[in-house]
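Colleague: heads up, no residue letters with this:
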């Protein structure tokens, strides 16, 4: 099960090899349009938080009414409400 260790580039090469060469060009252009970078699969949870648009898109990725109805502003409001608790918890853990 070597594929579980693939990087994003490995996945892109595989997708191209099965007949979808446009995938990498499309995903690259969408990231460029949104002003986001590609998140590494090997990203550590100890790394600083990602940008808010990337996190918002991650929350929107599941299907369903809840994800469909979530707006960027609602996401930002929810994130701002959670930040004091998160910073308080992280200080207590030190």
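Modeller: Perfect, I can see it now. Being a predicted model, the structure only gives us computed values, none of them experimental.

Colleague: Show me the shaky parts of this structure.
Modeller: 82-94 (pLDDT under 70).

Colleague: can we see that at 90?
Modeller: Where the chain drops to pLDDT under 90, the residues are 1-16, 19-64, 66-68, 79-94.

Colleague: Which stretches in it count as helices?
Modeller: 8-17, 22-34, 52-60, 65-69, 72-93 (DSSP state H).

Colleague: Highest mean neighbour count out of those helices?
Modeller: helix 52-60 (a mean of 15; mean count of other C-beta atoms under 10 Å). The way it works is simple: take the backbone N, C-alpha and C, and place the C-beta from them, glycine included.

Colleague: So which residues make contact with that helix?
Modeller: 34, 35, 36, 37, 39, 49, 67, 70, 72, 75, 76, 79 (C-beta atoms under 8 Å, 6 or more residues apart in numbering).

Colleague: Next, the angle helix 22-34 makes with that helix.
Modeller: Here helix 52-60 points in a direction 130 degrees away from that of helix 22-34 (axes from the mean of the first three to the mean of the last three C-alpha atoms, to 10 degrees).

Colleague: show me the contacts for residue 38.
Modeller: 8, 31.

Colleague: if I look at it, how far off is residue 7?
Modeller: According to C-beta to C-beta, to the nearest Å, residue 38 and residue 7 sit 10 Å apart.

Colleague: what is in contact with these two at once?
Modeller: With C-beta under 8 Å, 6+ apart, residue 38 and residue 7 have no common neighbours.

Colleague: returning to that earlier point: let me have the helices of the chain in JSON lines, extended by distance to residue 45.
Modeller: Output for those, formatted as JSON lines (distance: least, C-beta to C-beta, whole Å):
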{"stretch": "helix 8-17", "distance to residue 45": "18"}
{"stretch": "helix 22-34", "distance to residue 45": "22"}
{"stretch": "helix 52-60", "distance to residue 45": "13"}
{"stretch": "helix 65-69", "distance to residue 45": "22"}
{"stretch": "helix 72-93", "distance to residue 45": "12"}
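
Colleague: what's the distance between stretch 58-78 and the middle of its chain?
Modeller: On the basis of C-alpha atoms, centre = their mean, to the nearest Å, stretch 58-78 sits 13 Å off its chain's mean C-alpha point.
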